[in-house]
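> test case, fold it:
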Amino acid sequence: MKLSVKGSDGSDQGELEVGFAVVDNAKGTQAVHEVVTAYRAAQRRGTAHTKTRSDVAGTGKKPWRQKGTGRARVGSRRNPIWRGGGVAHGPRTRDYTKKVGKKTRQLALRKALSARMHDGDVLVIDTLKLPGEAEPKRPRFTARFTELLEDLGVAEKDTVLMVVADASNDVILGARNLLDVELAPGTDVNTYQVLKYDKLIFARDGFEQVTQRLK
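Next up, the predicted model:
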């Protein structure tokens, strides 16, 4: 499979052969589900915590004797149905992370990238460079970054994941104020990011990093 390569100004710069095995069939769907589920689970802090009857302060003495009072039997003042007692079946501090094998993660990323490439949502640019970099008195990084996206044909409403090996300071400053744009190194990009954004823009060196991971 080949991808068209463009320059930062939107001009055609030839084609790039995809260096990893493209997943064309239904294989990998379950792997994508497992990886995305594990990624989202890992974002949970798991710090919600309630006190059970063993945690709350209070005496362990039986409030009154078992029989003969006419009242219901009670064994503790800290039981959940009493005011000031513990919480029954409440949340406790826990770790939500799930383990996913390396091959499963790799298959999921290949599947996700293959699907996005088939849908035409992946763009490779030869060199990532903001317009007007030769003008030292034009430091409007965000405006220049927006102009770059326009030159590449990205719609204003589209969210963008830009994958680079080593972003310049100008690119970092230009992207950080845009809520719908995320910069990610090719060594760290994951399946969730590939599926989340409307458009995927790879610098050539960033795409090569991803290819090395998937070989």
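> ok, which stretches of the chain are helices?
Listed in chain order, the helices of the chain (DSSP state H) span 29-42, 102-118, 141-151, 169-175, 191-196, 204-214.
> ok, K129 to K111 distance?
32 Å (C-beta to C-beta, to the nearest Å). For every residue, glycine as well, the C-beta is placed using N, CA and C.
> residue most distant from the centroid, this structure?
G68 (62.6 Å; C-alpha atoms, centre = their mean).
> looking at K129 and K111, which is more packed in?
Neighbour count, other C-beta atoms under 10 Å: between K129 and K111, K111 has more, with 25 against 18.
> quick check: closest non-adjacent residue to that one.
G28 (3.1 Å; C-beta to C-beta, 6 or more residues apart in numbering).
> tell me if I'm right that the one you found and Q106 touch.
No - between G28 and Q106 there is no contact under C-beta atoms under 8 Å: 9.9 Å.
> neighbour-wise, which of these two wins?
Set G28 next to Q106 and count neighbours by other C-beta under 10 Å: G28 wins out with 22 against 18.
> if I look at that one, how far off is L107?
For G28, the distance to L107 - C-beta to C-beta - is 5 Å.
> check R78 too.
Taken as C-beta to C-beta, the span from R78 to L107 is 51 Å.
> more neighbours: the two, which one.
The neighbour comparison of R78 against L107 (other C-beta under 10 Å) goes to L107, with 23 against 19.
> can you list the domains in the chain?
With domains defined by automatic domain parsing, the chain comprises 2-44+98-214, 45-95.
> okay if I get the helices of the chain as JSON lines plus distance to P91?
Formatted as JSON lines, these follow (distance: least, C-beta to C-beta, whole Å):
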{"stretch": "helix 29-42", "distance to P91": "15"}
{"stretch": "helix 102-118", "distance to P91": "29"}
{"stretch": "helix 141-151", "distance to P91": "41"}
{"stretch": "helix 169-175", "distance to P91": "37"}
{"stretch": "helix 191-196", "distance to P91": "25"}
{"stretch": "helix 204-214", "distance to P91": "37"}
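> tell me which of the ones you listed sits nearest to G10.
helix 141-151 (4.3 Å; C-beta to C-beta).
> show me the contact partners of that closest one.
Helix 141-151 is contacted by residues 8-10, 130-133, 138, 160, 170-171, 173-175, 177-178, 181 when judged by C-beta atoms under 8 Å, 6 or more residues apart in numbering.
> could you do stretch 61-73 as well?
Contacts of stretch 61-73 (C-beta under 8 Å, 6+ apart): V74, G75, S76, R77.
> quick check, nearest of those to R204?
S76 (68.4 Å).
> can you pull the contacts of the closest one?
By C-beta under 8 Å, 6+ apart, the contact set of S76 is R53, G58, G60, K62, P63, G85.
> between the helices of the chain, which one is closest to G19.
Checking these against G19 by C-beta to C-beta gives helix 204-214 as the closest, at 4.0 Å.
> quick one: list the elements packing against the closest one.
The helices and strands touching helix 204-214, judged by 3 or more C-beta pairs under 8 Å, 6 or more residues apart in numbering; DSSP states H and E, are helix 102-118, strand 122-125, strand 160-164.
> got the CA positions of stretch 3-13 in CSV?
Below are the C-alpha coordinates for stretch 3-13, written out as CSV (Å, rounded to 0.1, in the frame of the first residue of the first chain):
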residue,chain,number,x,y,z
LEU,A,3,0.5,6.9,0.7
SER,A,4,0.8,10.2,-1.1
VAL,A,5,3.4,12.6,0.4
LYS,A,6,2.8,16.3,0.5
GLY,A,7,5.0,19.3,1.3
SER,A,8,4.1,21.8,4.1
ASP,A,9,2.6,24.0,1.4
GLY,A,10,0.3,21.2,0.1
SER,A,11,2.4,20.4,-3.0
ASP,A,12,2.8,16.8,-4.1
GLN,A,13,6.1,15.2,-3.1
